[in-house]
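Undergrad: Structure, please.
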Amino acid sequence: MVDLLNNPIRLAIANLLNIPIIQNSFIWINVWSIIHLLSGIGIFYLLIKTFKIKKYVFVWLFALLLIFEIFEFFCYTNWFVSYFIREEYVDVFWDITISMLGGVVAWLIWKKK
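TA: Here you go, the predicted structure:
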């Protein structure tokens, strides 16, 4: 059986993604932030193109991001306590903020077309 908790590939990826770019008591940006930016772009695109949501698209985006962060919180507090690394609240704030910024980037690209 594969030990997922101590798997060297998982640990290497986790260490890579947690490399801080800017990190202090208020700003928490790491390599994961790039993934959050791209996910904001992708989710916005799905909302606009696939689900044809034109009205309140940023509200929908925010709601989906918030639901995911709540789900992630329950993952490391209830189900997979030792598998997930608990995030600081400031990190959760920046995850949502940067994902929303990805939505703004997607909107600017979509608006030009």
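
Undergrad: make it CA atoms for all contacts and neighbour counts henceforth
TA: Noted.

Undergrad: Next up, identify which helix or strand the residue most central in space within the chain is on.
TA: With distances taken as CA atoms, centre = their mean, H36 lies nearest the centre of the chain, 3.9 Å away. Per DSSP states H and E: H36 is located in helix 32-45.

Undergrad: From the chain's centroid, how far away is the following helix or strand past that helix?
TA: Remark: after helix 32-45, the chain's next helix or strand is helix 57-74, criterion DSSP H and E. Offset of helix 57-74 from its chain centre (CA atoms, centre = their mean, to the nearest Å): 9 Å.

Undergrad: please begin residue numbering at 30 from this point
TA: Fine by me, first position is 30 from now on; the one you just mentioned is helix 86-103.

Undergrad: Okay, now the unreliable bits of the protein?
TA: For the chain, applying pLDDT under 70 flags the ranges 30-34, 106-114.

Undergrad: what's the longest helix in it?
TA: For the chain, the longest helix by residue count, based on DSSP state H, is helix 118-141.

Undergrad: Sort out which residues of it are buried, please.
TA: Buried residues in helix 118-141, defined by neighbour count with 16 or more other CA atoms under 10 Å: 120-121, 123-136.

Undergrad: hmm, back to that, could you check the angle the helix holding H65 makes with helix 118-141?
TA: Helix 61-74 and helix 118-141 are oriented at 40 degrees to each other (axes from the mean of the first three to the mean of the last three CA atoms, to 10 degrees).

Undergrad: which strands and helices sit next to helix 61-74?
TA: Counting contacts by 3 or more CA pairs under 8 Å, 6 or more residues apart in numbering; DSSP states H and E, the secondary-structure elements packed against helix 61-74 are helix 86-103, helix 118-141.

Undergrad: Could you check the angle the first one makes with helix 118-141?
TA: It refers to helix 86-103. Using the same axes, to 10 degrees: helix 86-103 against helix 118-141 is 150 degrees.
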